[in-house]
Each structure stands twice: as C-alpha cells, then as structure tokens.
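Asks: Next one to model:
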Amino acid sequence: MSSEQGRYKWVALSNTTLGMLVATINSSIVIISLPAIFRGIGLDPLRPGNVSYLLWMLVGYLVVSAVLVVAFGRLGDIYGRVKMYNAGFLIFTLASIALAFTPDVGAAGALELIGLRIVQGIGGALLMANSMAILTDAFPVGQRGMALGINQVAALAGSFMGLLIGGLLADTNWRAVFLVSVPFGILGTVWGYLKLREVGQRGARGRIDWAGNLTFGVGLIAVLVGITYGIQPYGGHTMGWTSPLVLGLLAGGAALLAAFLVVERRSDDPLFHLDLFRIRAFSAGNLAGLLASVSRGGLQFMLIIWLQGIWLPLHGYSFASTPLWAGIYMVPLTLGFLVAGPVSGWLSDHHGARPFATGGMLLTAASFAALMVLPVDFPYLVFAALLLVNGIGSGLFAAPNTAGIMNSVPAAQRGAASGMRATFQNAGFVLSIGLFFSLMVAGLAARLPTTLYAGLTANGVPPATAERIAHLPPVGSLFAAFLGYNPIRTLLGPAALAHLSPAQAATLTGTGFFPGLIAEPFRHGLAIVFLAALVMSLVAAGASWLRGGRYVHQEPEEAVAGVVASGGSRRGPGPLPTAPRSGG
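Replies: Residues are numbered from 1 along each chain as shown. A predicted model of the protein is given here:
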C-alpha cells in the first residue's frame with residue numbers, strides 16, 4: 001500500500017465518521033427538544049389534533065432514512081459512492097439551515113418543520129448508505145473492523161449524544177437545535193468534495209429498478225406509518241391497532257414488500273441482490289442488527305420516560321427541566337459505546353466478529369435482566385453502572401457485527417449491502433417505538449385507571465372528573481412525561497384545578513404526586529418491556545453465533561493488500577473463506 005493510499009484511508013475514516021455522527025445526532029436531537037420546538041412555534045403537541053404533528057416530527061427523519069438507504073446504496077454502487085455521499089452532506093446541510101430559519105408558526109410551522117426534517121433525512125440516508133461502503137473500499141481486510149468500529153460507534157453514540165445536546169440547546173433557543181449541525185455540515189461537505197475519491201469497484205451500469213424501488217419504498221413506508229399510527233388512541237381503544245387505517249397500511253405494506261421479493265427475483269438490474277442473504281454472515285448479521293436496534297431503541301425511550309416521568313421529579317426536579325437532566329443522567333450509556341466500540345472493532349480484525357458480537361449481546365441481555373429487578377426509585381450509581389454495562393455490550397456488538405456484514409459481500413455490491421444494513425437498523429428503531437410504547441401502554445392500561453381514580457378523588461377531584469381522566473388512554477400520560485410536561489396538570493386542565501383548594505392543587509401538580517401514583521403500574525409495564533428486550537438480545541446473540549467463523553469476500557487485489565497490511569500473514573483462527581459470488 002502506497003503512502004498516499006495510507007493517508008487517504010484516514011481521510012475517508014475522519015470524514016465519514018463526522019458524517020455519521022451528525023446524521024445520527026439529528027435522528028435523536030429532536031426527541032429531547034420537542035417541548036421547546038412546539039413552544040417556539042406556539043403549538044400544544046398534546047391537543048388531540050396535534051398528536052400527529054408530534055409523531056411525525058419524531059419519526060419522519062427515521063422513516064425516510066430507513067426507506068431510502070437501500071436505493072441510495074445501490075445508486076452509489078452504480079454511479080459512485082463518494083458522489084452520493086457528498087450529495088448527502090450537501091442536502092443535509094442545506095436542510096439544517098432551512099430548519100433553523102423556519103418562518104411560520106402554528107400548524108403551518110409544524111408542517112414546514114416536518115417537511116424539512118424529511119429533506120434532512122434524505123441527506124442523512126445518502127450519508128448512512130454510502131459511508132460504510134466508502135470505508136470498506138478504503139481499508140484493507142485486516143483493518144476494516146477497527147475503521148468500521150470507530151464509524152459505527154460514532155453512529156450509535158450520536159443517537160445518545162443527540163439527547164444531551166438537544167437538552168442543552170433547547171434550553172437556550174429551539175432554532176439552535178438545528179443550527180448546531182450547520183458548521184459541521186459545511187466542513188464535511190467542502191472536505192468531502194476536495195479530498196474524497198472513488199477507489200472501490202462499481203457495479204455494472206444498468207437501468208434503474210423502478211419497480212423494485214417503488215414496491216420496497218412504498219411498502220416499507222406503509223408499514224412504518226402503520227406502526228406510528230398504531231400507538232395513537234382510536235375510537236374507544238387505548239391504541240389504534242384495530243383501526244382500519246392501521247390494518248390497511250400494515251397489510252398493504254406487507255403485500256408490497258412481498259411483491260418486492262418477486263420483482264427482485266425477476267429483475268435484470270435489481271435494487272438489491274437477494275442472493276446476498278444466502279451468505280450466512282450477511283443474513284445472520286442483519287438479523288442480529290435488527291433485533292439489537294429494536295431493543296436499543298426501546299431502551300432509549302423507556303429510560304427517558306422512566307427518568308422524566310418518575311425518578312427526576314421524585315428527586316426534586318421540575319417537570320420542565322427533566323428533558324435536559326434525562327440526557328445528562330444517560331451519559332454512562334454513551335460512555336460504554338465509546339469505550340467498547342473501537343476496541344472490539346480492532347479485536348475483531350484479528351479474531352473475527354463472532355465472539356465479540358455474541359458476547360456483546362449476552363452482556364446487553366444481562367443488563368436488561370438487572371434493570372427488570374431495579375426498583376423504580378433506584379440508587380443512581382447502580383442505575384449508571386447498568387447503563388454502562390449496556391453501553392459496553394452494545395459497543396462490543398456493533399462494530400464487529402458491521403464489519404462482519406460488510407466483509408462478507410462482493411465489492412461491487414457494498415453500497416446496496418450497506419444500505420440494507422442501515423435499513424434494518426433504522427427500521428428497527430421505528431419498530432421499537434411502536435412495539436415498546438404498545439407494551440408499556442398495555443401494562444399501564446391494566447392498572448393505571450384504578451390507581452389514578454383513587455389518587456384523584458382522595459385529593460378533592462369530583463368522582464365524575466376523576467373517572468373521565470382515569471379512563472383516558474395512558475399514552476397521553478406517557479407523552480406528557482416524555483415531553484417534560486406535568487402530566488396531572490395537563491390532564492386536569494385549568495378549569496378542574498380552579499375548583500380545588502390551593503393545598504389540593506399544589507399536591508396534585510407537585511413533583512411527587514404523579515410519580516408516586518404511576519410508579520407501580522409503570523413498573524409492571526417496564527418489566528414487560530425489558531423482558532421483550534432481553535429475549536430479543538438473546539436471539540440476536542444466537543444469530544451472531546450462527547454467523548460462523550471469519551467470513552470475508554476478498555477481491556484479488558484486496559487479498560494482496562490484506563496480506564501486506566498484516567505484515568505478510570493473515571491473523572485469525574484458520575483461513576479466510578471467500579463469500580460466494582452468486583449475489584454479484
């Protein structure tokens with residue numbers, strides 16, 4: 001490897017790591033910033049007609065990035081991964097500028113923000129789809145795990161750093177939440193256009209697979225939108241899973257995804273070569289990645305609600321300040337990623353992905369088991385230690401799993417393979433919102449009405465009013481806690497509070513009443529959620545183990561480069577088998 005090639009790989013790593021960091025920070029930064037954003041545009045997100053704005057502000061970026069990464073990865077294979085990646089940085093940066101200067105307020109302002117978040121998600125999808133492929137092209141086999149590990153840890157850490165950054169910036173000005181990405185976007189865009197170059201193999205140019213793009217894109221959008229609306233109340237039900245709209249979206253989306261499989265089998269230039277799933281390292285790695293993403297997303301949302309709705313108020317924090325402090329108290333989770341990710345990536349270069357990816361998921365499962373038995377009002381040091389263990393487990397898994405997936409595919413299909421990996425990860429995050437919110441709401445619906453009715457009537461609320469509030473869908477209380485609103489103040493409203501004595505009103509709207517009331521029902525729902533996450537982590541560990549030993553597709557020139565990079569020998573247990581070329 002020449003000195004110029006040696007320098008270039010570090011340029012590629014630095015720029016793509018910056019790209020993944022800003023893309024994933026922006027996937028989560030809005031979660032914590034939603035209260036400030038809605039206050040800034042003068043819209044109450046908890047009013048029944050505004051819940052859709054809230055959900056789309058939350059998941060619009062994730063949905064569009066999940067849907068488009070495969071198509072953008074395939075375009076990178078055909079027209080150039082660096083070209084697609086640089087376009088992504090430019091689109092992302094322009095959308096960030098537009099978001100920071102959104103002119104309107106009210107519903108119009110919310111729609112503008114949602115639309116621009118979708119445009120920003122298009123830029124993020126271009127970055128996510130091609131960054132891993134660019135790195136795989138730039139680094140020899142013996143160093144890919146380390147490079148992909150650093151990049152993947154930046155991506156995972158970014159999703160948690162967004163919570164902290166969003167809390168800090170939203171406390172100052174909601175526009176700063178979007179403006180903070182602009183200087184990094186400008187730097188990455190200019191740097192990428194000046195320094196990045198195409199060094200990998202491209203796939204054969206052919207016609208764009210419009211049928212595959214449409215069936216996959218529309219089908220996945222329908223499923224993810226159906227999941228999003230499934231957690232909203234419908235009619236007299238606590239959730240919308242029986243709504244004709246939700247059922248139609250889920251069934252129609254599933255039918256289109258089934259049609260996608262048929263179309264791809266018959267296409268001369270498919271969007272995605274399904275034969276790649278015959279490679280065990282690829283299929284097992286993506287299954288494990290999907291399950292890990294679902295469990296990780298569920299953990300993130302449940303921890304935010306746990307901290308903001310119960311623990312922080314019980315410890316004297318006002319509801320309005322809980323979004324910021326929730327981000328601060330979750331820092332150990334990010335530290336675990338940062339510690340374990342690069343190390344496990346480097347070790348996987350020498351010993352293969354299987355032991356680290358499997359061990360990481362087992363460690364993650366153990367942390368979920370421990371969280372299940374933790375009291376709702378926990379000692380923070382114990383909680384922080386469990387978050388650190390969970391972060392270490394996720395960091396041990398993420399880098400080797402990504403390296404195992406990307407190493408196993410032919411060079412000409414790395415963009416599409418990277419896109420499919422990102423699709424599983426991003427779709428898993430959206431799926432986790434629907435799954436874990438549903439599990440939590442189901443757990444709360446069984447116990448919360450009785451507890452809430454008793455607590456309200458004991459403090460002077462008329463029985464009729466208490467009955468009405470107690471039987472409201474629990475998702476309203478969860479959203480209120482999630483957004484840093486006082487749930488009881490929000491549920492009762494000014495009129496009901498005006499009929500109570502000052503002492504009764506102070507008790508009901510204080511920081512101790514709602515957390516004390518919801519603690520036991522919440523613990524019941526939390527146990528269901530963490531049990532589901534534990535099971536998914538164990539299945540992901542099993543899939544990681546079944547990936548087999550080291551499984552690396554090497555092009556002839558890469559095989560030589562890998563030997564040179566490792567000092568004339570290939571480290572690791574046994575020979576490096578070549579992935580079958582049936583997908584290429």
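Asks: Going by C-alpha atoms from here, please, whenever you check contacts or count neighbours.
Replies: OK.
Asks: could I have stretch 498-510 exported to CSV, CA atoms only?
Replies: Below are the C-alpha coordinates for stretch 498-510, written out as CSV (Å, rounded to 0.1, in the frame of the first residue of the first chain):
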residue,chain,number,x,y,z
ALA,A,498,-59.6,26.1,39.8
HIS,A,499,-62.3,24.2,41.8
LEU,A,500,-59.7,22.7,44.2
SER,A,501,-58.2,24.3,47.3
PRO,A,502,-54.7,25.7,46.9
ALA,A,503,-53.3,22.8,49.0
GLN,A,504,-55.1,20.2,46.9
ALA,A,505,-53.9,21.8,43.7
ALA,A,506,-50.4,22.0,44.9
THR,A,507,-50.4,18.4,45.9
LEU,A,508,-51.8,17.1,42.6
THR,A,509,-49.4,19.2,40.5
GLY,A,510,-46.3,18.8,42.7
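Asks: State the mean pLDDT of it.
Replies: The average pLDDT within stretch 498-510 is 86.
Asks: quick one: pLDDT of Pro355?
Replies: With respect to pLDDT, Pro355 scores 88.
Asks: Do I have it right that it meets Ala543?
Replies: No. In this structure, Pro355 is not within contact of Ala543 by C-alpha atoms under 8 Å, at 11.7 Å.
Asks: Neighbour count: the two, which is higher?
Replies: Ala543 (24 against 19; other C-alpha atoms under 10 Å).
Asks: Which residues are in contact with the residue most central in space within the chain?
Replies: By C-alpha atoms, centre = their mean, the chain has its centre lying nearest to Phe429, at 4.2 Å. Contacts here follow C-alpha atoms under 8 Å, 6 or more residues apart in numbering; on that basis Phe429 touches Leu62, Ser293, Val294, Arg296, Gly297, Gly298.
Asks: Quick check: of those, which has the highest neighbour count?
Replies: Leu62 (29 neighbours).
Asks: Check the spacing between the residue of the chain positioned farthest from its centre and Gly460 real quick.
Replies: In terms of distance from the mean C-alpha position of the chain, Ser501 ranks first, at 45.0 Å (C-alpha atoms, centre = their mean). According to C-alpha to C-alpha, to the nearest Å, Ser501 stands 8 Å off from Gly460.
Asks: starting at the chain centroid, how far to the one helix or strand Thr16 maps to?
Replies: Assigned by DSSP states H and E, Thr16 falls within helix 3-40. Mean C-alpha position of helix 3-40 versus that of the full chain (C-alpha atoms, centre = their mean, to the nearest Å) differs by 13 Å.
Asks: Also stretch 114-129?
Replies: Worked out by C-alpha atoms, centre = their mean, stretch 114-129 lies 14 Å from the chain centre.
Asks: Extract the C-alpha trace of it and format it as PDB.
Replies: Provided in PDB are the C-alpha atoms of stretch 114-129 (Å, rounded to 0.1, in the frame of the first residue of the first chain):
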ATOM      1  CA  ILE A 114     -41.800  18.000   9.300                       C
ATOM      2  CA  GLY A 115     -41.200  18.600   5.600                       C
ATOM      3  CA  LEU A 116     -37.700  19.900   6.100                       C
ATOM      4  CA  ARG A 117     -36.900  17.100   8.500                       C
ATOM      5  CA  ILE A 118     -37.800  14.700   5.700                       C
ATOM      6  CA  VAL A 119     -35.400  16.500   3.300                       C
ATOM      7  CA  GLN A 120     -32.800  16.300   6.000                       C
ATOM      8  CA  GLY A 121     -33.500  12.600   6.300                       C
ATOM      9  CA  ILE A 122     -32.800  12.200   2.600                       C
ATOM     10  CA  GLY A 123     -29.400  13.700   3.100                       C
ATOM     11  CA  GLY A 124     -28.900  11.500   6.200                       C
ATOM     12  CA  ALA A 125     -29.900   8.500   4.200                       C
ATOM     13  CA  LEU A 126     -27.300   9.300   1.500                       C
ATOM     14  CA  LEU A 127     -24.600   9.600   4.200                       C
ATOM     15  CA  MET A 128     -25.600   6.400   6.000                       C
ATOM     16  CA  ALA A 129     -26.000   4.300   2.800                       C
END
